[in-house]
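Visitor: Return a 3D structure for these sequence lines:
(one chain, ligands or ions: 1)
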Amino acid sequence: MPLDFIASTKGKQKLLLGGFTFIKDRRVNTVTYWKCDQCFNIKCRARVHTANDSVVKTLNSHNHAAHAARIDADRIVNNVKETFEDLTQRCQYPDDAQPVVDYFEDTWIGRPIRGSRRRQPLFAHEVWNCYNSVNDNIPKTNNSVEGWHRSFNEMVSCNHPTIWKFINALKLEQSRNDLMIEQFIAGRVAPPPKKKYRDCAQRIIQVVSSYNQQNLLDYLRGIAHNYNF
Ligand SMILES: [Zn+2]
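Guide: Next comes the predicted model:
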């Protein structure tokens, strides 16, 4: 089986093997010596030797569990950068659009620096990437929080209430929540989202489930069809 690699955040190659990640230690002739990437953190002594695209020797056991989920997350983060580069190279965007690309890089991807490295973006990929949220069926937006703000604003019914009016609104909100909690304890079922949102969520799950089977630019287009701005 050919070896599986991933690029580190510093642009270096890492070896993926059995749910573990290895960093390159040294190379002697055709043999490459790898050490577990946890060798510094928790002094894991697992080592692997590879030659001609296959494993020739494994040494020592890991002193920690495999981390398939982290590897998956690392791979997706790498895909984010590669696909962004693919997108910006293919698209003939006008010079006027450069500030938008700069904003996107600074905020979400990181600006390119020496070699194939990029600076840390303002928001780490793990913070904004919703791939796992879709798979785990948890909300991808803060719409519910905005909905709460709207209804609370309506209850207060002015922008700068007096402290007494504000305290009364908080009390009313608390009693409303206490009532709702009791209703859920009594078995009340939360109202389902509107059909158009349910259908949209289902389509996004469908597109995300095909992540590993299609070209990533087609994948992005598939996701984009389901969002209105
Ligand atoms: Zn290890």
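Visitor: Tell me which residue lies farthest from the centre of this structure.
Guide: Residue farthest from the centre of the chain, counting by Cα atoms, centre = their mean, is Trp164 at 42.7 Å.
Visitor: Give me the distance between that one and Gly18.
Guide: Going from Trp164 to Gly18 by Cβ to Cβ, to the nearest Å gives 64 Å. For every residue, glycine as well, the C-beta is placed using N, CA and C.
Visitor: and what of Ile6?
Guide: For Ile6, the distance to Gly18 - Cβ to Cβ - is 14 Å.
Visitor: ok, those two, which is more surrounded?
Guide: Between Ile6 and Gly18, counted using other Cβ atoms under 10 Å, the more crowded position is Ile6 (15 against 11).
Visitor: Around the ion, pick out the residues from this protein.
Guide: 36, 38, 44, 46, 62 (Cβ under 5 Å from the ion).
Visitor: Name only those of those residues that count as buried.
Guide: Buried by 16 or more other Cβ atoms under 10 Å: 36, 38, 44, 46, 62, out of these.
Visitor: Now the second one: closest residue in space, sequence neighbours ignored.
Guide: So the one you mean is Gln38. Cys44 (4.1 Å; Cβ to Cβ, 6 or more residues apart in numbering).
Visitor: Run through the residues that contact that neighbour.
Guide: With contact set as Cβ atoms under 8 Å, 6 or more residues apart in numbering, Cys44 has these partners: 36, 38, 62-64.
Visitor: Of these, just say which sits nearest to Gln13.
Guide: Set against Gln13, the nearest of these by Cβ to Cβ is Cys36 (15.0 Å).
Visitor: what is the mean pLDDT for the helix or strand harbouring Arg150?
Guide: According to DSSP states H and E, Arg150 maps onto helix 143-156. Taken as a whole, helix 143-156 has a mean pLDDT of 85.
Visitor: Would you mind listing the outside residues contacting that helix?
Guide: Under Cβ under 8 Å, 6+ apart, the answer for helix 143-156 is 165-166, 169, 172-173.
Visitor: Whichever of the residues you listed end up buried, select them in PyMOL.
Guide: Listed next is the PyMOL selection for buried residues among these, using 16+ other Cβ under 10 Å:
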select buried, resi 169
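Visitor: Nice, that's everything, thank you.
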